[in-house]
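Chemist: Quick one, fold the following:
(chains A, B, C and D)
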Protein chains: 2
Amino acid sequence: MNHRQDVHTSEVPVLCVACEARLRGVCGALDADQLMALSKTSTKKRLETGAELVGDAEIIDGYANILSGVVKLIKGLPDGREQIVGLQFAPDFLGRPFQAESAVSAQAATNVVLCSFPKRTLEALIKQSPQLEHSLLKQALRELDEARDWMLTLGRKNALERVASYLLLISNYIDPALQPQSEVIAFDLPMSRLEIADFLGLTIETVSRQLTKLRVDGVIQVRQSRHIVVNNPARLKTFSGC
Amino acid sequence: MNHRQDVHTSEVPVLCVACEARLRGVCGALDADQLMALSKTSTKKRLETGAELVGDAEIIDGYANILSGVVKLIKGLPDGREQIVGLQFAPDFLGRPFQAESAVSAQAATNVVLCSFPKRTLEALIKQSPQLEHSLLKQALRELDEARDWMLTLGRKNALERVASYLLLISNYIDPALQPQSEVIAFDLPMSRLEIADFLGLTIETVSRQLTKLRVDGVIQVRQSRHIVVNNPARLKTFSGC
DNA sequence: GCTAGAAATTGATCTCGATCAAATCTTCGA
DNA sequence: TCGAAGATTTGATCGAGATCAATTTCTAGC
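Modeler: Presented below is the predicted three-dimensional model:
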């Protein structure tokens, strides 16, 4: 029990020991000392559904890791039209480094738990650790891939294909190992119909009608609005246009 | 003429001396020795309009900097529908690090000159220079901001707003200092109507009709299809929905 | 300059998703 | 458990942009 390794493990901050961000998120790039430094200025925050994390054009004073829940990134037009331009799940890093103010607003789509820390802490750690910058680059490139995928959906798919693509996106988040030829998969949608519409560039009525089509076709079951059972992932994929 | 600085300057490879990528692109992160190492494996390539740089799902064997011209990034659906998901201008870095195969295809929208180098060279330099990774991160974050801006355009703007947004995007590339209340600005479009349509998620007919509307309204002049004069940038901005 | 082929514009019509309106389901506090 | 407010679904109609079809304009090679 007195091996060096045990001593080392004990140096990892309590908050971080079981944290997904340390395993799969940007904190994985930090050593025990750096984690300790970060944890000294970080705080765990719980947010209710709908809480705003950052407003559009707001000064960026901090960053965070998502510990649980779903965060939506929103862009709006002056007349009130809105588009969700990104969904972030645990253990994603949240924030826009190297920029004074945010170009999007961020809002909790579900109840969310964050590990947040001030701008200065991250900037200091970046200077120390190229590994951290590497992690941030990898996440940024992944988000860029996802954004471009979604641009194809928004620019070229019809309403049914968009809704099918959305269900696949969410089911893939629930079970990343999901294979097209695989079993039934069931989950609760982390978003309301209005949020889905704002993500798909549609109206709530159109989203609802396409879900009904998929239900009548037997591809999915819908229970109490939010609960979805995908009977046939492969067929859902063909409906998605890809 | 024998000062250290002069000796140092002379160490910068001939190819790089006047290169914009060294001033504003990722090569700015490299010192003279690293530039020399890079230039040894890099080659200058000229591509005609329409030439394909990378196919979708193709193995990534190299990267490049754009020295001049415009490159479009395209995503397609199995049935042939296409969406342009990014435009890249000099001195952008071109390629997707840390990924075996490309998720987009890249094509020259105009005649293009590239400085291209093998995958291994970049990977070796990244290990040496955290500065380089920092540059790549900054570009990736900028592209992510642009992609999200465009998602709002694709998801929520109508045809006229999209075409106005496109003209503003291009005029902003031509003159980044362009102010909304500024003078007339004239330029040649770097893309055909079909390419514009594929960027805007519209058809060529719709793009054409919206350009006619803007022309009849006196906001722009159109000469020989490709040449645009923006008479009133401020009014064009109001048409863009922002 | 002239001309063939390509690119862009214009016109007519149709269709998908938006809009407006009403009914139904869900949630949650009393 | 009840009832009200909000969320979702369903129905009817409308309109923006797609589609199909001619023209017209532009470009490149002679």
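Chemist: how about the strands in chain A?
Modeler: A:43-47, A:52-54, A:62-68, A:70-76, A:82-89, A:93-94, A:105-108, A:112-118, A:185-188, A:220-223, A:227-230 (DSSP state E).
Chemist: Centre of the chain to the last one, how far?
Modeler: If I follow you right, that is strand A:227-230. 20 Å (CA atoms, centre = their mean, to the nearest Å).
Chemist: quick one: it near DNA strand D?
Modeler: No - for strand A:227-230, no contact with DNA strand D is found by CB under 7 Å from any atom of the strand; the gap never falls below 9.8 Å. Any C-beta I mention is one placed from the backbone N, CA and C, and that applies to glycine too.
Chemist: sorry, back to before: possible to save the strands of chain A as CSV with mean pLDDT?
Modeler: Below are the strands of chain A laid out as CSV (pLDDT from 0 to 100):
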stretch, mean pLDDT
strand A:43-47, 93
strand A:52-54, 90
strand A:62-68, 94
strand A:70-76, 97
strand A:82-89, 97
strand A:93-94, 96
strand A:105-108, 95
strand A:112-118, 93
strand A:185-188, 94
strand A:220-223, 96
strand A:227-230, 96
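Chemist: what's the closest of the ones you listed to residue A:145?
Modeler: Among the strands of chain A, the nearest to residue A:145 by CB to CB is strand A:82-89 (11.9 Å).
Chemist: so who does the closest residue to residue A:124 other than its chain neighbours touch?
Modeler: Nearest non-adjacent residue to residue A:124, counting by CB to CB, 6 or more residues apart in numbering or on different chains: residue A:37, 8.0 Å away. Contact partners of residue A:37, counting by CB atoms under 8 Å, 6 or more residues apart in numbering or on different chains, are A:121, A:124, A:125.
Chemist: out of those, which is most surrounded?
Modeler: Within those, residue A:125 tops the neighbour count with 21 neighbours, counted by other CB atoms under 10 Å in any protein chain shown.
Chemist: what sits against that residue?
Modeler: A:30, A:34, A:37, A:38, A:132.
Chemist: Which pLDDT value belongs to it?
Modeler: Listed pLDDT for residue A:125 reads 92.
Chemist: Look up how far residue A:33 lies from it.
Modeler: 11 Å (CB to CB, to the nearest Å).
Chemist: do the same with residue A:187
Modeler: The value you get for residue A:187 to residue A:33, if CB to CB is used, is 39 Å.
Chemist: repeat for residue A:235
Modeler: Residue A:235 is 52 Å from residue A:33, by CB to CB.
Chemist: Residue A:154 now?
Modeler: 44 Å.
Chemist: Of all pairs in the contacts of residue A:125, which one is the farthest apart?
Modeler: A:37 and A:132 (11.8 Å).
Chemist: ok, the spatially most central residue of chain A - contacts?
Modeler: Centroid-nearest residue in chain A: residue A:88, 1.4 Å away (criterion: CA atoms, centre = their mean). If you count contacts by CB under 8 Å, 6+ apart, residue A:88 has them with A:66, A:70, A:71, A:72, A:73, A:94.
Chemist: can you pull up the bridge partners for it?
Modeler: residue A:71 (DSSP bridges).
Chemist: circling back to that earlier point, please dump the strands of chain A into a markdown table; it should also carry distance to residue A:139 for every row.
Modeler: As requested, these are exported to a markdown table (distance: least, CB to CB, whole Å):
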| stretch | distance to residue A:139 |
| --- | --- |
| strand A:43-47 | 20 |
| strand A:52-54 | 17 |
| strand A:62-68 | 11 |
| strand A:70-76 | 13 |
| strand A:82-89 | 10 |
| strand A:93-94 | 6 |
| strand A:105-108 | 15 |
| strand A:112-118 | 15 |
| strand A:185-188 | 24 |
| strand A:220-223 | 31 |
| strand A:227-230 | 27 |
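Chemist: Among these, which comes closest to residue B:193?
Modeler: strand A:82-89 (25.3 Å).
Chemist: quick one, what contacts the nearest residue to residue A:73 once chain neighbours are set aside?
Modeler: Closest residue in space to residue A:73, ignoring its immediate chain neighbours: residue A:86 at 3.8 Å, by CB to CB, 6+ apart. Shown in contact with residue A:86 (CB under 8 Å, 6+ apart): A:72, A:73, A:104, A:143, A:146, A:147, B:148.
Chemist: right, and out of these, which lies closest to DNA strand D?
Modeler: Relative to DNA strand D, the closest of those is residue A:72; by CB to the nearest atom of the strand it sits at 14.2 Å.
Chemist: how much space between the residue nearest to residue A:121 when sequence neighbours are not counted and residue A:118?
Modeler: Excluding its sequence neighbours, the residue lying closest to residue A:121 (CB to CB, 6+ apart) is residue A:41, at 4.6 Å. The gap separating residue A:41 from residue A:118 is 6 Å, by CB to CB.
Chemist: Check residue A:93 too.
Modeler: Distance from residue A:93 to residue A:118, by CB to CB: 15 Å.
Chemist: Between the two, which is the more surrounded one?
Modeler: Each of residue A:93 and residue A:118 had its neighbours counted (other CB under 10 Å), and the higher figure belongs to residue A:93 (21 against 14).
Chemist: partner residues bridging that one?
Modeler: residue A:65.
Chemist: In this structure it contacts residue A:29, no?
Modeler: No - contact between residue A:93 and residue A:29 fails when scored by CB atoms under 8 Å: they sit 10.5 Å apart.
Chemist: ok, residue A:235 - contacts?
Modeler: residue A:219.
Chemist: actually residue A:102, sorry about that
Modeler: A:54, A:55, A:56, A:57, A:58, A:60, A:96.
Chemist: Widest-spaced pair of these?
Modeler: Farthest pair in the contacts of residue A:102, by CB to CB: A:55 and A:96, 13.2 Å.
Chemist: More neighbours: which of these two?
Modeler: Using other CB under 10 Å, the more surrounded residue of residue A:55 and residue A:96 is residue A:96, with 19 against 14.
Chemist: pLDDT score for that one?
Modeler: 94.
Chemist: so what's it up against?
Modeler: Residue A:96 neighbours (CB under 8 Å, 6+ apart): A:60, A:102, A:103, B:141, B:145.
Chemist: Tell me the most packed of those residues, by neighbour count.
Modeler: Ranked by neighbours (other CB under 10 Å), those are led by residue B:141, which has 20 neighbours.
Chemist: If we ignore the residues flanking it in sequence, what's nearest it?
Modeler: Closest to residue B:141 by CB to CB, 6+ apart is residue A:140, at 5.5 Å.
Chemist: before we move on, what about residue A:117?
Modeler: residue A:42 is the one closest to residue A:117 (CB to CB, 6+ apart), at 4.1 Å.
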